[in-house]
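# sequence first, then the predicted structure, then my questions.
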Amino acid sequence: MMDLFTTLLIMFACLLAEGFFSGSEIGIVSADKIKLRHNAAKGSSGARLTLKMLEKPEWLLSTTLVGTNIAVVTNTTMATALMIDLFGEQYGWLAIVIVAPLIWVFGEIVPKSIFQQYADIITPKAIFVLRAASVVFAPILFVFSTLSHLFTKMVGGDSQNPFTMREEIVAMLKMSDHSGDIQPVEKKMIKRVFNFSETTAYEVMVPLIDVIAIEKSTSLTEARNLAVKSTHSRLPVYEDRIDNVIGVVDVLEWLGLEEQGDIEPYTRPVRYVPGTRNINALLVELRQDGDAMIVVVDEFGGAEGIITLEDIVEEVVDELEDEYDSRIQDSSMIKKIGNNQYLAQARLEVDVLEEMLGLKFPEGNFVTLGGLLLDKAKEVPRVGEEIHIADVRFEITKASARAIKEVRLYIQ
C-alpha cells in the first residue's frame, strides 16, 4: 500500500478532476452561444474551439461524463483502501461516510455553481482540457456516441444540433442595444429579413391608385407623355377599367419611336397573383421567369396593385433611409394651416397621424387617412363634404371619383 500522503494527494486530485468535469458540463450548457460566436470572430481560439466541439454535443458531454465517473470511482476506491489499511476490513464503510459529502459538496455543488455563474469566462479556457480529455477517452466516447445515435433513431428522432436559432439572433439584437456592435439601420434590416418570409404581396404592392396605367387603345403619342410623367420603365396596360389589367409595356421599346398607332402591339402578358401570396416565393419566381411586373388581384379577379422585383428588394433594404429622412417625408404630407387646423394628404398613414398630433382613432381594416375616412363614410365623399371622427372634423378638399386625395383637419 502506498504511503498516506500519496493516497491523500491522489484523492485530492480526483476531487479536483471531478469538480472540473462536472462543472464543465454545466458551463457548456450555460455558455452564451451568441457571445462565443462574437468572441470567435474577434480571434478567441477558446471560443472557436468551443463552437467546433459543440457541433458534436453528445461527444463533448460524454467527455465530461466519463471524466466525472473515472474521478469518482478512483476517489472512492482509494478512500476504501485507505480505511481498510488504517482500521481493517470491517471499517471500509467509513470511506462512504467521509468521501461522499466531500464529493457532493466540492465535486458537484460548488464547481457547478461556479461554472454556471462564470460560464462565458471559464468555458473557453476549460475547453482545451476537455479537448485533450476527449482524445484520451476516444475509445469509450466512440461507444457512447454510437449508442446515443442508435437509441435516438429507435425512438424515431434524428440527432440534431439546431445551433443557430432565430431566438438567438433576436437575443443578439437586444444585446447590441448595449454593446453598439450592430448599427440601428443594420438591426432594422435583419428584422425585416426575418419577417420577409411572412410578408404577403398585398403588403408590398403599389396600389393602383398610385400607379400610372395606360388604356390599351391609347395612342403612342399620349402614352409617351404618360411615360415621361411616370418616370417608370414599365407601365401596366388595362382594358375598359383600371382594375382590368391585361398586360405590361416596356417604355424603352417605343419611347424613342416616331411611329403612330396605339400601344396594344407593344403589350406583353402579365402574371396575376393573389394578395395573400408570400413574397419569398414571388421573389424566386420573378428571378427564374424574368417577369418584369406582377399584378396583385383580389378574390374576384380585379387588380389591386402591382409588384416589381424592385418593390420586393426594397422591402428589405429601404430601411437604409435614416429615421430623420422618414420623418421629413411624413411631415411633408401634413402641414399646419391655422389654430388646430391641418392640411393632410390622404396617403398619410393613420398611425403616423396619431403620433404626430397626439390623436387616437378607432381601429379598422385600413392603413391611411383616406382609408379611415372611406371606412367611416362607406363611399367616396365629394369635395366639401365633412366627416366627424372622435374629436376631429375632416373636410374633403381634393378627391376623384375613386379616391380621396387631400383633407383638412379641424381638431376640436
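That came through, no problem. Quick caveat: nothing in here was measured; it's all calculated off a predicted structure.
# C-alpha from now on. contacts and neighbour counts both.
Noted.
# OK, contacts around Glu253?
Shown in contact with Glu253 (CA atoms under 8 Å, 6 or more residues apart in numbering): Tyr266.
# run the last query once more with 10 Å
Counting by CA atoms under 10 Å, 6 or more residues apart in numbering, Glu253 makes contact with 233-234, 266.
# swap in Ser30?
Counted by CA under 10 Å, 6+ apart, Ser30 has contacts 24, 115-120, 123.
# ok, now Ile294?
Contacts of Ile294 (CA under 10 Å, 6+ apart): 201, 205, 236, 247-248, 269-273, 282, 286, 305-309.
# where does pLDDT dip in the stretch 1-150 of the chain?
Scanning the stretch 1-150 of the chain for pLDDT under 70 picks out 1-2.
# what kind of secondary structure is Tyr342 in?
For Tyr342, the secondary structure call by DSSP: H, G, I helix; E, B strand; the rest coil comes out as strand.
# that one reaches Met356, doesn't it?
No. Taking contacts as CA atoms under 10 Å, Tyr342 lies outside contact range of Met356: 11.4 Å.
# quick check: neighbours shared by the two?
By CA under 10 Å, 6+ apart, the residues touching both Tyr342 and Met356 are Ile334.
# more neighbours, those two?
A direct count of neighbours by other CA atoms under 10 Å for Tyr342 and Met356 places Tyr342 higher, at 17 against 13.
# quick check: closest non-adjacent residue to the more buried one.
Leaving out its chain neighbours, the residue that sits closest to Tyr342 by CA to CA, 6 or more residues apart in numbering is Lys336, at 4.4 Å.
# that neighbour: neighbour count?
Lys336 has 12 nearby residues by other CA under 10 Å.
# returning to that earlier point: quick one: which of the contacts of Ser30 is nearest Arg402?
Asp120 (61.8 Å; CA to CA).
# how about the closest one: what's its closest non-neighbour residue?
Nearest one to Asp120, counting by CA to CA, 6+ apart, is Ala31 at 5.1 Å.
# doesn't Ile121 make contact with the one you found?
Yes. Ala31 lies in contact with Ile121 (CA under 10 Å); the separation is 8.6 Å.
# who has more neighbours, the two?
Ala31 (21 against 14).
# list the contacts of the more buried one.
Ala31 sits in contact with 50, 115-124, where contact means CA under 10 Å, 6+ apart.
# re earlier: relative to Leu357, how far out is the residue nearest to Tyr342?
The gap separating Lys336 from Leu357 is 10 Å, by CA to CA, to the nearest Å.
# which stretches in the stretch 101-250 of the chain count as helices?
Secondary structure of the stretch 101-250 of the chain by DSSP state H, counting those that start in this stretch: the helices cover 110-117, 119-136, 138-154, 166-179, 184-196, 201-204, 220-230.
# hang on, the earlier thing: among the contacts of Ile294, which lie within helices?
Among these, the members falling in helices (DSSP state H) are 201, 282, 286, 309.
# now distance to Trp93, neighbour count and pLDDT too, for the residues you listed, in JSON lines please.
Below are those laid out as JSON lines (distance: CA to CA, whole Å; neighbours: other CA atoms under 10 Å; pLDDT from 0 to 100):
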{"residue": "Ala201", "distance to Trp93": "75", "neighbour count": "25", "pLDDT": "85"}
{"residue": "Leu282", "distance to Trp93": "74", "neighbour count": "19", "pLDDT": "81"}
{"residue": "Leu286", "distance to Trp93": "78", "neighbour count": "19", "pLDDT": "75"}
{"residue": "Leu309", "distance to Trp93": "78", "neighbour count": "19", "pLDDT": "77"}
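# correct me if wrong, but Ile26 is in a helix.
Yes. Counting by three-state DSSP, Ile26 is found in a helix.
# got a list of what it touches?
Contacts of Ile26 (CA under 10 Å, 6+ apart): 61, 64, 111-117, 119, 123.
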